[in-house]
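*Asks:* Pasting the sequence and the predicted model now:
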Amino acid sequence: MSWIGDNLGLIWEQLREHLYLAILPVILGLIISVPLGYVATRYAWLANPLIAFGGILYSLPSIALFIVIPAVLGTKVLSTVNIIVALTIYTVSLLIRNVIDGLRSVPPDVRQSAIAVGYGALHRVVAVDLPIAVPVIFTGLRVVTVANISMVSVGAVIGIGGLGELFTLGFQKDFLTPVVVGVVLSLALALIADVILVTLQRILTPWARVATPVAEVA
Amino acid sequence: MIEFEDVTKRYPDGTVAVDKLSLRIPSNQITVFVGPSGCGKTTSLRMINRTIERTSGTISIDGDDINSHDAVTLRRGIGYVIQNAGLFPHKTVVENVATVPKLIGWDKRKAHGTAMELLERVGLDVKLAERYPAQLSGGQQQRVGVARALAADPAIMLMDEPFSAVDPIVRHQLQEELLRLQRDIGKTIVFVTHDIDEAIKLGDNVAVLRVGGKLAQFAPPAELLANPADDFVRGFVGQDRGYRALTFVHPDELPVKPLPDELALQDGVPVGWRNGSEELLPLGAVFKRGDSLRAALDAVLTSPTGCGVCVDDNGKAVGVIDQSTVAEALRS
Ligand SMILES: Nc1ncnc2c1ncn2[C@@H]1O[C@H](COP(=O)(O)OP(=O)(O)O)[C@@H](O)[C@H]1O
Ligand SMILES: [Mg+2]
């Protein structure tokens, strides 16, 4: 226990790095997936290949990505950019499906009336299509956020891994406490992130949890 | 006036949905497009707000080609109501109605104020304003749809089978309310239905289309019933068009007979017929002074005694008629 007290600074530092490495890719991934998903619903032939390609990317082992990316990007092996790029790729590969499904979940008559009342194309996407797609997109966001939080630790193998570095430390010194701290904190991080996302979704979609229709009163 | 001139729509798969349609839709009236399923009603309607672009021909509004302005601006000036209302599920009722005013740049307060007025106008309880569409019945959603279409006070309103998905009682109410509303607002309404009864009830003019989007006849409903242009129209308006035509016969004053003793009244309002036993026989339909001959005949036919009851505006019985009264009115 004294180890924890002596190393609060280190633990805090790794926690912050972990959070940064996990969440920034979620944000970048969302920013990339939304326009990509929109294009895929406009040009319907693009959607299935994109989803399939996403599936393939997602199945790549993270460790391989962490190692290949420096070679491709020319970044230093020990750069956080590698982790961020790799996790952004994962995020996009998973979120793209949810964005496409979400945009497809807009009922045709709702889209038709959005056009008919005189929304321009871009305005319609922002004001009608995306808000209606929020529940489906958030399902993907929750999955990908939790996955990213656990995957950051894998980065420890190449030397940058937030809480994962506590694992390395514990293994090197054959000492359990840092490992337990790392596991507990990354679990807690995942849990808190999920709670925040669920709350955010509830705030964004008050309409999605309304009561059943009242009886017909003309 | 909306004018179609040789308008043709050929879909990419080769289907000719509308073939050289020419017609003039008068302003400030209800014009109904009616015809069997797939005859091109929806396509014709949606070419007016350019949510479907025609293949050839011209459509003009008050002499102005609809292609002379951009489509988005055109649409903001044309109300549009569809079958399941197509309300925005993520917006409250009042936000739905305020959509077009906000799109054309009104500030939020003015837009919402107008929206609230419109909700009342279409017969909705303003308490529903903050609800979401999923919390409304089908009939209420349809009213919101009409309010949304009218919010920015467009000159034209397009309605595509707006009342087809609600039950018959609510449909009847919505039809009556549309007619009442139209007496106040006098919009140019183009109304699509496959139901000839609805067309006859609502239309100042009815355009009967046949498959392939060809105009079979364009006439006021009474004319349509009296003089169908051909066998197709005759078949479409139905066997009982003679009976339907009675809708347009409004005898000034049917001579009513005094109330018979068998008619049971409560505070002057008829409630049924006595026949000696405890239970009353059902009343049947009643009609009002000034109603059509169709309503009067209906009252006679549905009454168990053969006597149709005439009521005043408060629902109180003022007299009865029988078959001979109707026959007499028809002869004159
Ligand atoms: N997007 C489309 N692509 C191909 N054919 C269509 C399309 N929309 C409608 N049609 C065809 O055009 C014809 C007229 O359709 P529509 O205008 O919807 O008829 P209605 O509203 O009278 O039922 C039908 O044969 C229909 O199948
Ligand atoms: Mg149709």
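*Replies:* Arrived safely. Keep in mind it's a predicted model, so treat the numbers as computed, not measured. Residues are numbered from 1 along each chain as shown, chains lettered A, B, ... in the order given. Ligands and ions are numbered 1, 2, ... in the order given.
*Asks:* From now on I want contacts and neighbour counts done on CA atoms only, so please keep to that.
*Replies:* OK.
*Asks:* Give me the helices and strands touching whatever helix or strand residue A:40 lives in, please.
*Replies:* Taking DSSP states H and E as the definition, residue A:40 sits inside helix A:8-42. Helix A:8-42 is packed against helix A:47-59, helix A:80-104, helix A:130-152, helix A:164-173, with contacts defined by 3 or more Cα pairs under 8 Å, 6 or more residues apart in numbering or on different chains; DSSP states H and E.
*Asks:* Tell me the buried residues in stretch A:117-135?
*Replies:* Neighbour-count burial for stretch A:117-135, counted by 16 or more other Cα atoms under 10 Å in any protein chain shown, picks out A:117, A:118, A:119, A:125, A:128, A:129, A:130, A:131, A:132, A:133, A:134, A:135.
*Asks:* Let me have these in TSV, extended by pLDDT.
*Replies:* Output for the buried residues of stretch A:117-135, formatted as TSV (pLDDT from 0 to 100):
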residue	pLDDT
A:117	96
A:118	95
A:119	96
A:125	94
A:128	96
A:129	96
A:130	96
A:131	96
A:132	96
A:133	96
A:134	95
A:135	95
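*Asks:* With distance to residue A:177 added, can I get the residues you listed in a markdown table?
*Replies:* A markdown table is the format used below for the buried residues of stretch A:117-135 (distance: Cα to Cα, whole Å):
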| residue | distance to residue A:177 |
| --- | --- |
| A:117 | 62 |
| A:118 | 62 |
| A:119 | 58 |
| A:125 | 50 |
| A:128 | 50 |
| A:129 | 49 |
| A:130 | 45 |
| A:131 | 45 |
| A:132 | 46 |
| A:133 | 43 |
| A:134 | 41 |
| A:135 | 39 |
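*Asks:* which ones are touching residue B:48?
*Replies:* Neighbouring residues of residue B:48 by Cα atoms under 8 Å, 6 or more residues apart in numbering or on different chains: B:59, B:66.
*Asks:* what about the one residue in chain B that gets nearest to chain A, neighbour count?
*Replies:* Proximity of chain B to chain A (Cα to the nearest Cα) peaks at residue B:135, 4.1 Å away. For residue B:135, the tally of surrounding residues (other Cα atoms under 10 Å in any protein chain shown) stands at 20.
*Asks:* Same question for residue A:104.
*Replies:* The burial count for residue A:104: 17, using other Cα under 10 Å.
*Asks:* Who are the contact partners of the nearest residue to it once chain neighbours are set aside?
*Replies:* Spatial nearest neighbour of residue A:104, excluding adjacent residues (Cα to Cα, 6 or more residues apart in numbering or on different chains): residue A:41 at 7.4 Å. Applying Cα under 8 Å, 6+ apart to residue A:41 gives the contacts A:47, A:100, A:103, A:104.
*Asks:* Lowest pLDDT pick from these?
*Replies:* Lowest pLDDT among the contacts of residue A:41: residue A:47, with 88.
*Asks:* residues contacting that one?
*Replies:* Counting by Cα under 8 Å, 6+ apart, residue A:47 makes contact with A:37, A:40, A:41, A:100.
*Asks:* Make TSV from those and add distance to residue B:306 to it.
*Replies:* Shown next, in TSV, are these (distance: Cα to Cα, whole Å):
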residue	distance to residue B:306
A:37	68
A:40	67
A:41	64
A:100	65
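*Asks:* tell me the angle the helix holding residue A:40 makes with helix A:130-152.
*Replies:* Between helix A:8-42 and helix A:130-152, the angle comes out at 140 degrees (axes from the mean of the first three to the mean of the last three Cα atoms, to 10 degrees).
*Asks:* Throw the contacts of residue A:47 into CSV and include distance to ligand 1, thanks.
*Replies:* Listed next are these as CSV, based on distance: Cα to the nearest ligand atom, whole Å:
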residue, distance to ligand 1
A:37, 23
A:40, 20
A:41, 17
A:100, 22
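*Asks:* Near residue 13, how many other residues are there?
*Replies:* Looking at chain A here, since you left the chain open. Here the number of neighbours of residue A:13 (other Cα under 10 Å) works out to 13.
*Asks:* You answered for a different chain; I wanted chain B.
*Replies:* Residues lying near residue B:13 (other Cα under 10 Å) number 6.
*Asks:* Show the buried residues in the contacts of residue A:47.
*Replies:* Buried residues within these, defined by neighbour count using 16+ other Cα under 10 Å: A:37, A:40, A:41, A:100.
*Asks:* before we move on, back to that, and the residue of chain B closest to chain A, how close does it get to residue A:203?
*Replies:* Per Cα to Cα, to the nearest Å, residue B:135 is found 18 Å from residue A:203.
*Asks:* one step back: quick check: which of the helices and strands packed on helix A:8-42 is buried the most?
*Replies:* Of all these, helix A:80-104 has the most neighbours on average by mean count of other Cα atoms under 10 Å in any protein chain shown, namely a mean of 24.
*Asks:* Check which helices and strands that one is in contact with.
*Replies:* Applying 3+ Cα pairs under 8 Å, 6+ apart, we find helix A:80-104 packed against helix A:8-42, helix A:47-59, helix A:62-73, helix A:130-152.
*Asks:* mind giving me JSON lines with the contacts of residue A:41 and columns for distance to residue B:33?
*Replies:* As requested, the contacts of residue A:41 are arranged in JSON lines below (distance: Cα to Cα, whole Å):
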{"residue": "A:47", "distance to residue B:33": "38"}
{"residue": "A:100", "distance to residue B:33": "37"}
{"residue": "A:103", "distance to residue B:33": "33"}
{"residue": "A:104", "distance to residue B:33": "31"}
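*Asks:* What is the nearest of these to residue B:69?
*Replies:* Nearest to residue B:69 among these: residue A:103, at 29.5 Å, using Cα to Cα.
*Asks:* the longest helix in chain B is where?
*Replies:* When chain B is parsed with DSSP state H, its longest helix is helix B:168-185.
*Asks:* taking the mean pLDDT, what do you get for that one?
*Replies:* Throughout helix B:168-185, pLDDT has a mean value of 93.
*Asks:* and that helix with chain A, contact?
*Replies:* Yes: among the residues of helix B:168-185, B:170, B:173 lie within reach of chain A under Cα under 8 Å from any Cα of the partner chain.
*Asks:* what's the spacing between that helix and its chain's center?
*Replies:* A distance of 6 Å separates the centroid of the chain from that of helix B:168-185, by Cα atoms, centre = their mean, to the nearest Å.
*Asks:* List the buried residues for that helix?
*Replies:* For helix B:168-185, a neighbour-count test (16+ other Cα under 10 Å) marks B:170, B:171, B:174, B:175, B:177, B:178, B:179, B:182 as buried.
*Asks:* Good, wrapping up.
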